[in-house]
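Colleague: Take this sequence and fold it.
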Amino acid sequence: MNKFVMMAAAASVFALVGRVNADGNAAAGQAKAAMCAACHGTDGNSVSPQFPKLAGQNAGYIVQELERFKSGARKNPIMAGMAAGLSAQDMQNLAAWFSSQTVKTGEADPGLVKAGETLYRGGDQASGIPACLACHGPDGAGNAPMPIPALAGQHADYVVTQLQAFAAGARKSPMMDPIASRLTPAQMQAVASYIQGLHSTPIQP
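Modeller: Down below sits the predicted model:
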């Protein structure tokens, strides 16, 4: 158990290092978000599962990732081009708009939800995998001040893709890289499905 406590504490430390304070104008962000709508939807609820939902996402996290796309620290050819022309204030405004929207939660696969819930809420001690809720919260709301992203309602396919990227080292995170590398493909699918259908009330056995 001490190992899991230490990993959770480390998550806080790493997140604080990259802390971003968002201070944007949502109305200005809504106007700027017209260029984001084709992929992410007008209100941040993307239709295609290959593009993440941004609605309800923590503003500081949005700013942080836009900065990483612009600097090249996070690799994505589409987002690199989109972020290249954004000013710091543009990023703050976009973050204010998307964070003010409400995410539309999907449905979890009934065949995967129990395994996904077990991982999300309890982890897998035998494999050294901590519970997702230790950082992302019991309701998947993340931790805005850190900033740790909200996960609730995110597309399962997108979550799997990101876990695979962390595991392969294609996307860098001091906390997520080692955790994702310990997840089996089946575990990734299960926890991603659970996240897609995550609501404010835990699923009862």
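Colleague: name the element the residue lying closest to A28 once chain neighbours are set aside belongs to?
Modeller: In this structure, A28 finds its nearest non-sequential neighbour in N93, 4.2 Å apart by CB to CB, 6 or more residues apart in numbering. In short, each C-beta sits where N, CA and C put it, glycine included. In the assignment (DSSP states H and E), N93 maps to helix 88-99.
Colleague: And for that helix, what's in contact with it?
Modeller: Helix 88-99 has contacts (CB atoms under 8 Å, 6 or more residues apart in numbering) with 22-30, 32-33, 36, 40, 44, 54-60, 62-63, 66-67, 83, 86.
Colleague: Let's see which of these end up in helices.
Modeller: Counted as lying in helices by DSSP state H, out of those, are 26-30, 32, 40, 59-60, 62-63, 66-67, 83.
Colleague: Tell me the buried residues within these.
Modeller: Buried subset of the ones in helices among the contacts of helix 88-99 (neighbour count, 16 or more other CB atoms under 10 Å): 26, 28-30, 32, 40, 59-60, 62-63, 66-67, 83.
Colleague: among those, which two are most distant?
Modeller: Q30 and E67 (20.6 Å; CB to CB).
Colleague: what sits against the residue nearest the centre of the chain?
Modeller: In the chain, the centroid-proximal residue (CA atoms, centre = their mean) is P149; its distance is 4.3 Å. Listed by CB under 8 Å, 6+ apart, the contact set of P149 reads Q57, N58, Y61, H136, G142.
Colleague: Out of the residues you listed, which two sit at the greatest distance?
Modeller: Most distant of those, by CB to CB, are Q57 and H136, 12.0 Å apart.
Colleague: between these two, who's got more neighbours?
Modeller: Neighbours per residue (other CB atoms under 10 Å) separate Q57 from H136, with Q57 holding more: 24 against 21.
Colleague: Going along the chain, name the helices of the chain.
Modeller: Using DSSP H, helices in the chain cover 2-17, 26-32, 37-40, 59-71, 77-84, 88-99, 113-122, 133-136, 156-168, 176-182, 185-196.
Colleague: Nearest to Q50, out of these?
Modeller: Closest approach to Q50 among the helices of the chain (CB to CB): helix 156-168, 6.6 Å.
Colleague: For the closest one, name the packing helices and strands.
Modeller: Applying 3 or more CB pairs under 8 Å, 6 or more residues apart in numbering; DSSP states H and E, one finds that helix 156-168 contacts helix 176-182, helix 185-196.
Colleague: Make TSV out of these and add mean pLDDT, mean neighbour count and distance to S48.
Modeller: Formatted as TSV, these follow (pLDDT from 0 to 100; neighbours: other CB atoms under 10 Å; distance: least, CB to CB, whole Å):
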stretch	mean pLDDT	mean neighbour count	distance to S48
helix 176-182	98	17	23
helix 185-196	98	22	14
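Colleague: I'd like the ones you listed as TSV, with distance to S99 appended.
Modeller: Shown next, in TSV, are these (distance: least, CB to CB, whole Å):
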stretch	distance to S99
helix 176-182	21
helix 185-196	18
